[in-house]
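Visitor: give the three-dimensional model of this entry:
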Amino acid sequence: MNTFRVSQVALQRFIEAVFVNEGLPPADAATVAGLMAEADLQGSDGHGVIRLLPYLKRLRAGGINKHPDIRVVHERAAMAVVDGDNGMGHLVVTRAVDIAIEKARSAGVAWVGTRFSNHAGPASLYARRPLQHDMLGLYFAVGNANHLPPWGGTEALLSTNPIAAGIPAGDEPPVVLDMATTVAAYGKVKALAKRGEQMPPGWMVDRQGEPLLDPARSNEGFLLPIGGYKGYGLALIVGLLAGTLGGAAMGRDVIDFNADHVSVTNTGQAILVIDLAAFGDPAVFKQAVDTLVRDIRGSERMAHVERIWLPGEQSFDKRRRHAQEGTPLAPALLDELDALAADIGIAPLARLAPA
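Guide: The predicted structure follows:
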């Protein structure tokens, strides 16, 4: 099945035009569109423009506040809690990260949590944000629907609850880890369904514990945690830190935003930012990271392994390649976007070439 490529600029402008048409303030529409297009640019296709129509459903149903009063409700020197007033998650988390960066400049470290936020796209976008300030970021979030039962259970009380880390390097690409606490993020399940592909064994099981391979039947089963019971424990801890600590939803309080477009999700996220300068010369740290990266990449490989990858390297390569060649999008997704453009009276998304 052929896919088509689109430029990041064209994709961002298209998303922005849709949100402006929907009533978001132009500056907010531009911020959200930029982050969604960046998600597709780096290959996080489960969190990019594929989410546009679900976001619109919630906006149109009143499930997301188009004009939120995003504000700090608790604050000390090295922490804050940001109330997103049920605004677009991209806006809420961007504000939280910016606050954490400013606090880390003086305190050396800062933790900022969110409540009454919404789905905000891939975690790595926010863990990367402090890198340009010679800071590192650790990001945690509660997923927007429960797909994971406690170990041995059958009631989904936990979500994918992702973790991301952005570690600055010198000449090497930054080390950027972005992972769900489940074997696969639910966004990847949605992306496979859109492409008409099957899931690999080990992503999901049905309620009898048998492998579930058809992503169109994902509501009949559960995602599996990474590392068995250890992943379940990690998902719980991430949820307590990103959700419960800041007054956001966890457990039975989590709203499935895939099925409920009206209820306030009260999504929680948290960002920890550390200023390298608080620990010494940032250049020395980044040089040490470069050395370690090269040692790992150049270490002895198994016979069948062509290359050892560092976390974030493949996304870095995709960013560079997609910036030059365009971002690939599935035909089914493009058809949906074309129908949306025709419905609201804006220009369709321009294709570059088949991928």
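Visitor: go ahead and flag the most central residue of the chain.
Guide: What sits nearest the mean C-alpha location of the chain, by C-alpha atoms, centre = their mean, is residue 122, with 1.3 Å.
Visitor: excluding its backbone neighbours, what's nearest that one?
Guide: Counting by C-beta to C-beta, 6 or more residues apart in numbering, the nearest residue to residue 122 once its immediate chain neighbours are dropped is residue 44, at 4.0 Å. Backbone N, C-alpha and C define where each C-beta goes, glycine included.
Visitor: look at the one you found and give its secondary structure.
Guide: coil (DSSP: H, G, I helix; E, B strand; the rest coil).
Visitor: and it, how many neighbours?
Guide: Per other C-beta atoms under 10 Å, the neighbour tally for residue 44 reads 24.
Visitor: can you pull the contacts of it?
Guide: Taking C-beta atoms under 8 Å, 6 or more residues apart in numbering, we find residue 44 in contact with 121-122, 124, 178, 187, 315.
Visitor: give the next helix or strand downstream of the one helix or strand in the chain whose mean pLDDT sits lowest.
Guide: Between all helices and strands in the chain, the lowest mean by mean pLDDT, DSSP states H and E belongs to helix 186-195, at a mean of 84. Where DSSP states H and E defines the elements, the next helix or strand beyond helix 186-195 is strand 204-206.
Visitor: pairing partners for that next one, with directions?
Guide: Sheet partners assigned to strand 204-206 using DSSP bridges are listed as strand 211-212 (antiparallel), strand 221-223 (antiparallel).
Visitor: name the residues that touch it?
Guide: 184, 189, 211-213, 218, 220-224.
Visitor: spatially, which two of the residues you listed are the most separated?
Guide: Within the contacts of strand 204-206, 184 and 220 form the most distant pair, 16.0 Å apart (C-beta to C-beta).
Visitor: neighbour count: those two, which is higher?
Guide: Between residue 184 and residue 220, residue 184 has the larger neighbour count (other C-beta under 10 Å), namely 21 against 12.
Visitor: got a pLDDT number for the closest residue in space to residue 25 that isn't next to it in sequence?
Guide: Leaving aside its chain neighbours, residue 25 sits nearest to residue 67 (7.0 Å; criterion: C-beta to C-beta, 6+ apart). pLDDT for residue 67: 98.
Visitor: report the secondary structure state of residue 67.
Guide: At residue 67 the chain is in coil, as set by three-state DSSP.
Visitor: that one reaches residue 22, doesn't it?
Guide: No. Using C-beta atoms under 8 Å, residue 67 makes no contact with residue 22, being 12.0 Å away.
Visitor: neighbour count: those two, which is higher?
Guide: Regarding residue 67 and residue 22, a neighbour count based on other C-beta under 10 Å identifies residue 22 as having more, with 15 against 10.
Visitor: give me the secondary structure label for the residue lying closest to the more buried one once chain neighbours are set aside.
Guide: Spatial nearest neighbour of residue 22, excluding adjacent residues (C-beta to C-beta, 6+ apart): residue 59 at 5.4 Å. Here residue 59 is recorded as helix under three-state DSSP.
Visitor: the nearest residue to residue 45 once chain neighbours are set aside: neighbour count?
Guide: Using C-beta to C-beta, 6+ apart and skipping residues adjacent in sequence, the residue nearest residue 45 is residue 191, 5.1 Å away. Residue 191 has 20 neighbours, counted by other C-beta under 10 Å.
Visitor: touching, residue 191 and residue 48? I think so.
Guide: No. Counting by C-beta under 8 Å, residue 191 sits too far from residue 48 to count as a contact (9.3 Å).
Visitor: tell me the buried residues in the one helix or strand residue 99 maps to?
Guide: Per DSSP H and E, residue 99 falls inside helix 89-107. For helix 89-107, burial by neighbour count (16 or more other C-beta atoms under 10 Å) applies to 89-101, 103-104, 107.
Visitor: just stretch 272-290 next, same as before
Guide: 272-276, 282, 285-286, 289.
Visitor: mind checking the end-to-end distance for it?
Guide: Its start and end residues considered, stretch 272-290 measures 23 Å (C-alpha to C-alpha, to the nearest Å).
Visitor: which other residues reach that stretch?
Guide: Contacts with stretch 272-290, where a contact means C-beta under 8 Å, 6+ apart, come from 97, 100-101, 103-105, 108-112, 130, 133-140, 167-172, 175.
Visitor: and the residues you listed, which are buried?
Guide: Buried members of the contacts of stretch 272-290, counted by 16+ other C-beta under 10 Å: 97, 100-101, 103-104, 108-112, 130, 133, 135-140, 167-170, 172, 175.
Visitor: which ones among the residues you listed lie within helices?
Guide: The members of those that map onto helices under DSSP state H are 97, 100-101, 103-104.
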